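Novice: next comes the sequence, and after it the predicted model I'd like to discuss.
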Amino acid sequence: MIRIYALIFTLLFAISCTNNKEVQNPVEETKKESLTLYTHRHYDSDKLIFKKFEEKTGIKINVVKASADELIQKMETEGNQSPADLLLTVDAGRLVRAKNKNLLQSSSSDLLNTTIPTHLKDSSNYWFGLTKRARVIVYNKKTVDSSDLSDYEDLVNENWKNKILIRSSNNIYNQSLMASIIANKGEDSAKKWAEGIVNNFARSPKGNDRDQVKAILANEGEIAIINTYYLGKLINSKDSNEVAAGNAVGIFFPNQENRGTHINVSGIGVAKSSKNKENAIKFIEFLISKDIQEIFAKANYEYPVNNDAKSSELLKSWGQFKEDKLSLTKLGELNKKAVILFDEVKWP
Amino acid sequence: MFLKIKHFKRDFNKWTLLIVALSLFLAIPIFSILISLFSGNGEMWEHITSYFLFDYIKNSAILIFGTGLLTFTIGTSSAWIVAKYTFKYKKVIEWLLFMPLAIPSYIVAYTYVGLIGYGGTFIEILRDFGLSINRIEMMNIYGLIWVLSFSLYPYVYAGTRTIFQSYPSQLKHTASLLGVSNKKYFFSVALPLASPGIIGGMFLVFMEVLNDYGAAKYYGVNTFTTGIFRTWTALEDLQSSIYLSAILVILVFILVLIVKWLRGRRSYNLKQTNAIHKNEIKRTKLSGLKRILYLGILLVPILFGFILPLMQLVIWGIQTFDSMFNYDLIILGLESLSLGLSTALLVVFLACLLIYLSKWNYFKQFNVFSKIATLGYVIPGAIIGVGIIRTSKSLTDLFSFQFNLEIGHLVYNSILVLIYAYMFRFIAVAYNSIEGNTLKLGKNLSESSYLLGYGKIKTFFKIDFPLLKNALISSFVLVLIDVMKELPLTLILKPYNLSTLAVRAYEYAEDERVAEAALPALFLIFLIGTMITLLNYKLKENK
């Protein structure tokens, strides 16, 4: 019996070792060009994109996936011996944090400068937005008239008492939204706004963005604040209930008459520790090329930052909208303030 | 504590040295965290204490109390029925009772919403029967207690069952002769005698509950652990979050001491009689009304902890089969398995070493070190990750400073660091269940062996090892399961070309694509199920 176990054991170990060959020979690996990407994104489309990059340039992308905070902590402790070449996050705030912790380096590229609008990148080119997501209001088509909706600020109105669905303040997208309100309206009004939203909660915050939409269908509330691409995913889900939930709601872009709808980006920066800066920039340029931007748009329902790229049919059907041009750096700087205010008004 | 040391020269032996060295090696991350405490709490500390800390502690306390009560009831009742009665399909039921451990609890949390949330599978079935229920609300603290209890009770069940099974029948006979009713026998004799197993199992449950992040976050319940993460990620104050973790560690350390104290007062030498009358363990055959009732009691945890979540996962798995099933999945499975097997072997070995070294060492004061080494189970994985990365940084700094060697690329991407992290994290799992069993063995057997001239190591292999075999195998499998399900450490420390099924499932769930997470989760359950089957088979063989 023990012999059989020993055999299985060695076999499995051998398999795992063959998979780790590259770890044990890091020198060999650097000969074959590669980039190490620390990323918070875990979408199938990303894997496809990395593969395309390898086919085109021969540079392999090694991916380390974890939450942005963990990755930043990792880079910070690893210091200049960190294997990271690039940091990819799903919000600008974390990139601002990484820059402030001196983990990124500036990388100038004419292509990046001309393609990405200034408010979607760092002013000294420490990081660049890759795709946009808008935080919008969705409403129950049956019970809500979209003409009653206007601004984020209007949601504190008595009419919406017990009707608003939104997730916990632990969520970075809510923190960014709050930061944008602090930036635009000042701290006191922002606090009052959050208080008003808490008063109008349909239920105590729980679940993710998709669950808020499902709760509309279940008549737990009438409007929800969610990110656009989750709606895209609901509508294209394989679960018929999710499709039903996605189709039952209408989408509304708030603040069209004034500053525009709040957006955030998934963005990337070159790590300070990178020894392959040239290739890293090449990779970022590749990510904002027209074809790749269209993959982001089609597979993941994100808005491209490259204006030449076409957005998906679904995104087109939601129509054009005016976006808040507030510098995303501001969001990063105000993120912590936003969380403090959330705590003060007891937004769980 | 150390003032009491007398006869240092007489009592000092090589084991003393070894246990201190081993414990220190295992406790490096703890020290790294403790050292950082000297820089005080972080800048957000006042905000934390004035706005949310106490609410979060309250929630954690409610969770501990609720899950404690439920897992105790479910775990001991099912263990008792399985240990004392025979019935049809017993083997299958015994196996199924273990199976909830195979599903990560955050996945269970998602499946319940998929089942009885709005438009859930079960709700649709009810609707077909004409019942107009919209949903059953799971996403609150009670739902969380439910989910965690039904996915964690096997820890109590596993620890208790082995002990119940070892009761010789004259124990019951004696009780009956003295006029004790069945009920009284269970509550006043059987349960207290099983307390090492129950306490050990519940300790693991509490650690898991304190460490749960995914399920609590999804259900919108703020606990001590979600607070640690909020402090770190949202309030950008790592220092305070390490401080919070340290408080948690201290609380747990107190809990460990209480457990130790409780166990100390109740050491029963059952095995002595058991060794003589081994064949006298009798099991009653269940029949009649009792049979239906008892089987019902067994089916409840199986249904809610395993079958229902599994059913929902299968439905999701079928929905997404075309896009999710590929060769990659099998490789991932093999990677998870080999990582789990190698770690579990190491962990069981080290746990035995720790336990026996503290037996062989005469300075009982030093055994506190071995307790420190087992604290890894309670610290949130991500914080351990920070501790370990910091330690590896000191190591790489040392190398570049002393020898001018840059080993960063080796350390930061090495599987060894990951395995060390697992060891640190899960040694408590093996330690607790093995220690409970060694206490049951008592000292007499080994002391007789010493008198007969055998050395300590030989005695271990000739006497203790065969008697502990079952406990060793079950703790091996428990660790294996834990490693295969592990998330935060794996995410942050794994080399980039290695991944596990749990990581894959998490990536999809995190992106709100729960249905896509089902297939990796199912494959994980399949592998763990196979391991549990092997365990049951092995345990039977050794009987």
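Specialist: Cool, got the structure. Numbering: from 1, shown residues only, chains lettered A, B, ... in the order given.

Novice: low-confidence stretches in chain B?
Specialist: Where chain B drops to pLDDT under 70, the residues are B:1-6, B:9-11, B:262-282, B:362, B:365-366, B:408-410, B:412-413, B:540-543.

Novice: mind jotting down where the strands sit in it?
Specialist: For chain B, the strands defined by DSSP state E occupy B:85-86, B:284-285.

Novice: next one: whichever strand or helix holds A:Asp69 to chain centre, how far?
Specialist: Assigned by DSSP states H and E, A:Asp69 belongs to helix A:68-78. Distance of helix A:68-78 from its chain centroid, counting by C-alpha atoms, centre = their mean, to the nearest Å, is 18 Å.

Novice: quick one, what contacts the one residue in the stretch 101-250 of chain B that gets nearest to chain A?
Specialist: Taking C-beta to the nearest C-beta as the measure, the stretch 101-250 of chain B has B:Gly220 as its residue closest to chain A, at 2.9 Å. C-betas here are computed from N, CA, C, even on glycine. Listed by C-beta atoms under 8 Å, 6 or more residues apart in numbering or on different chains, the contact set of B:Gly220 reads A:167-168, A:204-207, A:348, B:139-140.

Novice: which among these count as buried?
Specialist: For the contacts of B:Gly220, a burial check counting by 16 or more other C-beta atoms under 10 Å in any protein chain shown picks out A:167-168, A:205-207, A:348, B:139.

Novice: can you list the residues you listed in JSON lines and add secondary structure and distance to A:Ile223?
Specialist: Below are these laid out as JSON lines (DSSP: H, G, I helix; E, B strand; the rest coil; distance: C-beta to C-beta, whole Å):
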{"residue": "A:Arg167", "secondary structure": "coil", "distance to A:Ile223": "14"}
{"residue": "A:Ser168", "secondary structure": "coil", "distance to A:Ile223": "17"}
{"residue": "A:Pro205", "secondary structure": "coil", "distance to A:Ile223": "14"}
{"residue": "A:Lys206", "secondary structure": "coil", "distance to A:Ile223": "17"}
{"residue": "A:Gly207", "secondary structure": "coil", "distance to A:Ile223": "16"}
{"residue": "A:Pro348", "secondary structure": "coil", "distance to A:Ile223": "19"}
{"residue": "B:Met139", "secondary structure": "coil", "distance to A:Ile223": "19"}
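
Novice: and the residue lying closest to B:Arg161 once chain neighbours are set aside, how many neighbours?
Specialist: Nearest non-adjacent residue to B:Arg161, counting by C-beta to C-beta, 6 or more residues apart in numbering or on different chains: B:Ala79, 4.0 Å away. Counted with other C-beta atoms under 10 Å in any protein chain shown, the neighbours of B:Ala79 add up to 28.

Novice: show me the strands in chain A, by range?
Specialist: A:34-39, A:60-65, A:86-89, A:104-105, A:128-140, A:164-165, A:223-227, A:249-252, A:263-271, A:303-304.

Novice: weakest of those strands by average pLDDT?
Specialist: The weakest mean pLDDT among these belongs to strand A:60-65, with a mean of 89.

Novice: mind checking pLDDT for the residue in the stretch 151-300 of chain A positioned nearest to chain B?
Specialist: With C-beta to the nearest C-beta as the measure, A:Lys206 is the residue of the stretch 151-300 of chain A nearest to chain B, at 2.9 Å. Predicted confidence (pLDDT) for A:Lys206: 90.

Novice: wait, it touches B:Asn140, no?
Specialist: Yes. Shown here, A:Lys206 and B:Asn140 form a contact pair, counting by C-beta atoms under 8 Å, at 7.4 Å.

Novice: now for the two: what residues contact both?
Specialist: Counting by C-beta under 8 Å, 6+ apart, the residues touching both A:Lys206 and B:Asn140 are B:219-220.

Novice: which residues touch residue 283?
Specialist: Let's take chain A. A:Phe283 touches A:35, A:37, A:53, A:59, A:61, A:86, counting by C-beta under 8 Å, 6+ apart.

Novice: ah, no, chain B please
Specialist: B:83-86.

Novice: one more time with 10 Å
Specialist: B:Arg283 makes contact with B:82-87, B:90, B:165, B:169, according to C-beta atoms under 10 Å, 6 or more residues apart in numbering or on different chains.

Novice: equivalent analysis for A:Lys132, please.
Specialist: A:117, A:120, A:228-229, A:263-267, A:296-297, A:302-305, A:311, A:323.

Novice: restrict these to those near chain B?
Specialist: Checking the contacts of A:Lys132 against chain B by C-beta under 10 Å from any C-beta of the partner chain, the ones in range are A:Tyr229.
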